[in-house]
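K.L.:
need the 3D shape of this:
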Amino acid sequence: MSAALLARVLRDPAEAEALKADGWTALIAAARAEQMAGTLAYRVAGLAMPESVARILADHRQSAEQGRIVALWEAEAARRALMALRVPVVLLKGTAFVAAGLSAGIGRSIGDLDILVPRERIGEVEAALLAAGWEWVKPDPYDDAYYRRWMHELPPLIHRDRDRMIDVHHTILPLTARQTPDALRMIADAEPLGNGLSIPLREDMLVHAAAHLFADGDLAGGMRNLWDIRCLLDEWDAPGFRDGVMARAALHGLGGAMARAMRLADHLYGNGARLRQGDRWFVRRLLGRDGWGRQRRKATEFLFYLRGHWLRMPPAMLARHLWTKWRKGYRPAG
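P.N.:
The predicted structure is shown next:
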C-alpha cells in the first residue's frame, strides 16, 4: 500500500533513495491524496532522485510556501475584521503552526482558516465577518440550523473576493459529543502572538489534533494529523512533557483520544510503538491507499464514517440526521 510507503519515508527519508520510478509514482500519489505533498517535498529535499521527480517536488514546495503566505494573510484579514470587537481570537490547526513557526507547519497543506472565539461572542463575530465580505457557504436551511444548534462552529463562511473559507469555532467538539472540552480554558490559556491573535497552549494544540481525529471524525486526513502530532511531540520533547499533555487531555475529557493519538503517531512515524487492542483498525483505515492513491478499503472507510457520526450524536438523533442527509442526496465521498 502506498500509504504505508509514505509513512516509512516520512519517518526515514533515506528510504526514498532506493525507489524506482513506480515507487516514486506511488509515493507522490499517496502524498497528494493525503494532502501531504508539500510535507513530503520538504522531507526528502536534498536526496538523490530522478530529475522529473525533483521538478514535481519543487513545485509542491513552492505551492506549500504560497499556501503559507495565503494562510497568514487570511489570519491577518480576520484580525482586522474582528479587532474592534476586542474579542479573543485563537488560531487553530495549520494556520497556528505556521504563525508560530512550528515544524508541523513546514510544507503543510492549509485549507480553511480555523479560529476559536468565546461562544457568548459568536453573534458579534459572525456579524463582523459578514460585514467584512464573508458569505455563507451552506444555503440549505437544514444544514444551517444543524450547525447553529448542535455543532462546535458556525456554518462555514467564504470570502466573496478572495474565495477563502473561515471556520469559526466556539469549542472543539460538537455540542452533542460525549466529551465536553473546556473551550473557555483553552481560550484563557492561549499564548498571544503579539498582534491581537493567539495560538493554543502547546498541550492544547495536541489535544485538539487528537480530538479532531479520534473523538469527532472518520479519520479522513488522519495521516496528516498524526504527522502534526508527531512533529509537535518532537518539537517540545522534554522530560515530563507527555505527562503534561495527558493531564491536559484529561481536563478536557480526551485522555483516551490523546493516548491513542500518541501511540499511532509513534507507531507510524516514530519508534514503531506497540499497538493496543483496537488500534489496528485505525491503522487499517489510515493505510488503505493503493499505488495510485485510491482508498481501497471501502468497507473500513464506511464503518469509520458511521463511527464518526456515532461519536457526534445520540442514536435517535443520528438516525434522523443520516436519513435526512440521504434523502437530500448526500453520500460519503469515496
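K.L.:
residue 207 contacts residue 248, doesn't it?
P.N.:
Yes: counting by Cβ atoms under 8 Å, residue 248 is a contact partner of residue 207 at 5.7 Å. Every residue, glycine included, has its C-beta placed from N, CA and C.
K.L.:
the more surrounded of the two?
P.N.:
residue 207 (29 against 22; other Cβ atoms under 10 Å).
K.L.:
now that one: how far from residue 218?
P.N.:
19 Å (Cβ to Cβ, to the nearest Å).
K.L.:
same deal with residue 255?
P.N.:
21 Å.
K.L.:
okay, now the unreliable bits of the protein?
P.N.:
Applying pLDDT under 70 to the chain flags the ranges 1, 216-217, 291-293, 300-301, 304, 306-334.
K.L.:
residue closest to the middle of it?
P.N.:
Geometric centre of the chain, nearest residue: residue 225, 5.3 Å, by Cα atoms, centre = their mean.
K.L.:
please list all residues in contact with the residue lying closest to residue 259 once chain neighbours are set aside.
P.N.:
Spatial nearest neighbour of residue 259, excluding adjacent residues (Cβ to Cβ, 6 or more residues apart in numbering): residue 246 at 6.8 Å. Applying Cβ atoms under 8 Å, 6 or more residues apart in numbering to residue 246 gives the contacts 255, 258-259.
K.L.:
the longest helix seen in the chain packs against which elements?
P.N.:
Identified as the longest helix of the chain according to DSSP state H is helix 51-82. Secondary-structure packing of helix 51-82 (3 or more Cβ pairs under 8 Å, 6 or more residues apart in numbering; DSSP states H and E): helix 21-33, helix 37-43, helix 93-99, strand 113-116, helix 122-131.
K.L.:
and those: which comes nearest residue 12?
P.N.:
Among the helices and strands packed on helix 51-82, the nearest to residue 12 by Cβ to Cβ is helix 37-43 (9.7 Å).
K.L.:
what's around the closest residue to residue 151 other than its chain neighbours, how many residues?
P.N.:
Distances taken as Cβ to Cβ, 6+ apart place residue 174 nearest to residue 151, at 5.3 Å, with adjacent residues excluded. Neighbours of residue 174 under the rule other Cβ under 10 Å: 19.
K.L.:
and residue 174, how far from residue 2?
P.N.:
Remark: distance between residue 174 and residue 2 (Cβ to Cβ) = 32 Å.
K.L.:
residue 295 reaches residue 287, doesn't it?
P.N.:
No: look at residue 295 against residue 287 with Cβ under 8 Å: they stay out of range, at 10.3 Å.
K.L.:
of the two, who's got more company?
P.N.:
residue 287 (19 against 16).
K.L.:
OK, contacts around residue 110?
P.N.:
67-68, 70-71, 93-95, 98.
K.L.:
then residue 148?
P.N.:
Residue 148 is in contact with 154-155, counting by Cβ under 8 Å, 6+ apart.
K.L.:
mind checking how far the helix or strand hosting it is from the chain centre?
P.N.:
Taking DSSP states H and E as the criterion, residue 148 maps to helix 141-150. Distance of helix 141-150 from its chain centroid, counting by Cα atoms, centre = their mean, to the nearest Å, is 22 Å.
K.L.:
begin at 9 from now on, thanks
P.N.:
Okay, residue one is now 9; in that scheme the one you just asked about reads as helix 149-158.
K.L.:
next, the buried residues of it.
P.N.:
Neighbour-count burial for helix 149-158 flags 151, 154-155 (criterion: 16 or more other Cβ atoms under 10 Å).
K.L.:
report the angle between it and helix 130-139.
P.N.:
140 degrees (axes from the mean of the first three to the mean of the last three Cα atoms, to 10 degrees).
K.L.:
that older thread, ok, the residue nearest to the centre of the chain touching residue 220?
P.N.:
Yes: Residue 233 lies in contact with residue 220 (Cβ under 8 Å); the separation is 6.3 Å.
K.L.:
want to throw the contacts of residue 118 into JSON lines with neighbour count?
P.N.:
Supplementary listing: the contacts of residue 118 in JSON lines, determined by neighbours: other Cβ atoms under 10 Å:
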{"residue": "75", "neighbour count": "18"}
{"residue": "76", "neighbour count": "21"}
{"residue": "78", "neighbour count": "15"}
{"residue": "79", "neighbour count": "26"}
{"residue": "101", "neighbour count": "26"}
{"residue": "102", "neighbour count": "24"}
{"residue": "103", "neighbour count": "26"}
{"residue": "106", "neighbour count": "22"}
